[in-house]
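*Asks:* No letters, just coordinates:
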């Protein structure tokens, strides 16, 4: 062997080099995640903090009750400008979060402390990459004492009843399209609860019953006015409130479909829902007042099962989910109405759309370990033939009214397995107002005039439905 040949490395050198590589590799993996974005989604029901990164984050959390705060240690990262942004993202009017503190707790460990305004039930979980998102670490901060959705409706009714009863003939007050009289409400738990509330000297701040699961909490209502003298509408009798649950699709982390010009589905459908709510709240059916209940009343994420659960909790007479469709090509156009199908979908397109809408929980970010979600999924398997038949009737009249002011994608109500339509005891439909992926229809959806026309058409359809299908007396317990 030549003296100039390279010497073979010693066993000790190989082991040392290997150890160095392993150490560097471990450190690189531990510190490899880069924070891409941070977001805070405040809502009365719960506030969410999201940390998005290009790699999975490992976190350990602990909760301190007095004063209430959540501390989360994120391992394998250093303090970055993106994480510092969380401090400024907390709004003063956030119902749950008082502030966020962030700092380097130890080498490779960043600690976040979320100071809370009230006792909470926090959930900390991770989400794998989906759609436009990479890895997400999520803190959901639910109030420990959520407000019952029934309480929100009662407070609104007590607040609005004096005005409505004092001006029965005033233009713009409650109106009716002369539908058939509603069936007598021999047992109306909601009405009875309203009567009990109205006879109290002051409205009780706590729910009349034990609150439902935290995820079903409703926005905190404004304080109800004490009953005024002479207000016979609430002080000596109970009226049959007709409740329509409006479900603006998507929200929060889930923007829904996005049009060519950047219009987000979640924003458009919330505006339409607000317009429709105003019309419903100014309408009576057979002398009975109507009231709209929104499954979300802001830009935050609500799981599909929770939307159904909320509608059932307020004993809704109808459920109308509002969306704006999208397709892979911009040529698709027109509005559609869908009902649930216990069997197969009515068309390939309906099946495709249902599958896409049912993915909302993955994009919005659901804690799959939550026990509440397992219960909700079980409840969604109890839909009945009668519910589907009533849903088809509702869908038909809505489709007819929408067809009078906009192009229809299909001339009939379609059916598919939409998870949000599976309330077993509430006629439920999903309205795709237009194809937001079509540039022309996107512009219309952004138009205030078009949104008003949509709300008018939906209101006419709801009134027509009740004219032929009077609401039944309530028999469900509060």
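*Replies:* Everything's here; your move. Keep in mind the model is a prediction, meaning the values are calculated, not measured.
*Asks:* quick one, helices of this structure?
*Replies:* With helices called from DSSP state H, the chain shows them at 11-30, 81-89, 149-166, 189-198, 232-235, 265-281, 304-313, 348-357, 360-364, 371-379, 385-403, 439-446, 448-468.
*Asks:* neighbours of residue 313, just the number please.
*Replies:* For residue 313, the neighbour count with other CB atoms under 10 Å is 22. All C-beta spots, glycine's among them, are computed from the backbone N, C-alpha and C.
*Asks:* and the helices of the chain, which one is worst for confidence?
*Replies:* In terms of mean pLDDT, the lowest-scoring of the helices of the chain is helix 232-235 (a mean of 30).
*Asks:* Can you report how many residues neighbour residue 328?
*Replies:* 8.
*Asks:* i'd like the first residue to be 22 from this point on
*Replies:* That works, and once the first residue is 22, the last one we named lands at residue 349.
*Asks:* Tell me which residues touch it, please.
*Replies:* residue 458 (CB atoms under 8 Å, 6 or more residues apart in numbering).
*Asks:* Could you check how far it is from residue 456?
*Replies:* 11 Å (CB to CB, to the nearest Å).
*Asks:* Next: residue 114.
*Replies:* Counting by CB to CB, the gap from residue 114 to residue 456 is 36 Å.
*Asks:* How about residue 98?
*Replies:* In this view, residue 98 and residue 456 are 42 Å apart by CB to CB.
*Asks:* Which one's more surrounded, those two?
*Replies:* Higher neighbour count among residue 98 and residue 456: residue 456, with 27 against 22, using other CB under 10 Å.
*Asks:* Nearest residue to residue 334 in space, please, no chain neighbours.
*Replies:* residue 170 (4.9 Å; CB to CB, 6 or more residues apart in numbering).
*Asks:* Likewise for residue 480?
*Replies:* Per CB to CB, 6+ apart, closest to residue 480 is residue 300, 4.2 Å.
*Asks:* ok, now which ones touch residue 85?
*Replies:* Neighbouring residues of residue 85 by CB under 8 Å, 6+ apart: 91-92.
*Asks:* List the beta-bridge partners for it.
*Replies:* Counting by DSSP bridges, residue 85 is bridged to residue 90.
*Asks:* before we move on, the earlier item: for the residue nearest to residue 480, list the residues it contacts.
*Replies:* 476-477, 480.
*Asks:* switch the cut-off to 10 Å
*Replies:* Residue 300 makes contact with 196, 311, 313, 473, 476-477, 479-481, 483-484, according to CB atoms under 10 Å, 6 or more residues apart in numbering.
*Asks:* Also residue 411?
*Replies:* Residue 411 is in contact with 339, 360, 405, 446-450, 486, 490, counting by CB under 10 Å, 6+ apart.
*Asks:* List buried residues within the residues you listed.
*Replies:* 339, 360, 446-450, 486, 490 (16 or more other CB atoms under 10 Å).
*Asks:* What is the nearest of those to residue 409?
*Replies:* residue 360 (6.2 Å; CB to CB).
*Asks:* quick one: that closest one and residue 453, what's the gap?
*Replies:* From residue 360 across to residue 453, the span is 12 Å (CB to CB).
*Asks:* quick one: common contacting residues for those two?
*Replies:* Counting by CB under 10 Å, 6+ apart, the residues touching both residue 360 and residue 453 are residue 435.
*Asks:* circling back to that earlier point, columns distance to residue 419 on top of the contacts of residue 411, output as TSV?
*Replies:* Listed next are those as TSV, based on distance: CB to CB, whole Å:
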residue	distance to residue 419
339	10
360	10
405	21
446	20
447	15
448	11
449	12
450	6
486	8
490	13
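*Asks:* still on that earlier bit, now, the most widely separated pair of the buried ones among the contacts of residue 411?
*Replies:* 446 and 486, at 16.3 Å, using CB to CB across the buried ones among the contacts of residue 411.
*Asks:* Can you give me the neighbour number for residue 156?
*Replies:* Counted by other CB under 10 Å, the residues lying close to residue 156 total 18.
*Asks:* show me what contacts the residue most central in space within the chain?
*Replies:* Nearest to the geometric centre of the chain sits residue 323, at 2.8 Å (CA atoms, centre = their mean). Going by CB under 10 Å, 6+ apart, residue 323 touches 64, 66-67, 236-237, 268-273, 275, 315-317, 330-331, 381-382, 385, 387, 441.
*Asks:* State the pLDDT value of the closest residue to residue 405 other than its chain neighbours.
*Replies:* Distances taken as CB to CB, 6+ apart put residue 445 closest to residue 405, at 5.5 Å, once the chain neighbours are dropped. Listed pLDDT for residue 445 reads 88.
*Asks:* these two touch, right, residue 445 and residue 333?
*Replies:* Yes. Residue 445 lies in contact with residue 333 (CB atoms under 10 Å); the separation is 8.4 Å.
*Asks:* who's more crowded, the two?
*Replies:* residue 333 (19 against 15).
*Asks:* Quick check: chain neighbours aside, which residue is closest to the more buried one?
*Replies:* residue 444 (5.7 Å).
*Asks:* Go ahead and build a ChimeraX selection from the buried members of the contacts of residue 323.
*Replies:* Remark: buried members of those, expressed as a ChimeraX selection using 16+ other CB under 10 Å:
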select :64,66,67,236,237,268,269,270,271,272,273,275,315,316,317,330,331,381,382,385,387,441
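*Asks:* So in terms of bridging, what pairs with residue 68?
*Replies:* In this entry, residue 68 is beta-bridged to residue 162, by DSSP bridges.
*Asks:* Isn't it up against residue 117?
*Replies:* Yes. Contact criterion CB under 10 Å: residue 68 and residue 117 qualify, at 4.1 Å.
*Asks:* Spit out the residues that contact these two alike.
*Replies:* 111, 135, 137-138, 141, 143, 161-164.
*Asks:* Residue 87: which of these is nearest?
*Replies:* For those, the nearest to residue 87 is residue 137 (11.0 Å; CB to CB).
*Asks:* surely that closest one meets residue 70?
*Replies:* No. Using CB under 10 Å, residue 137 is not in contact with residue 70, being 11.5 Å away.
*Asks:* Many thanks, have a good one.
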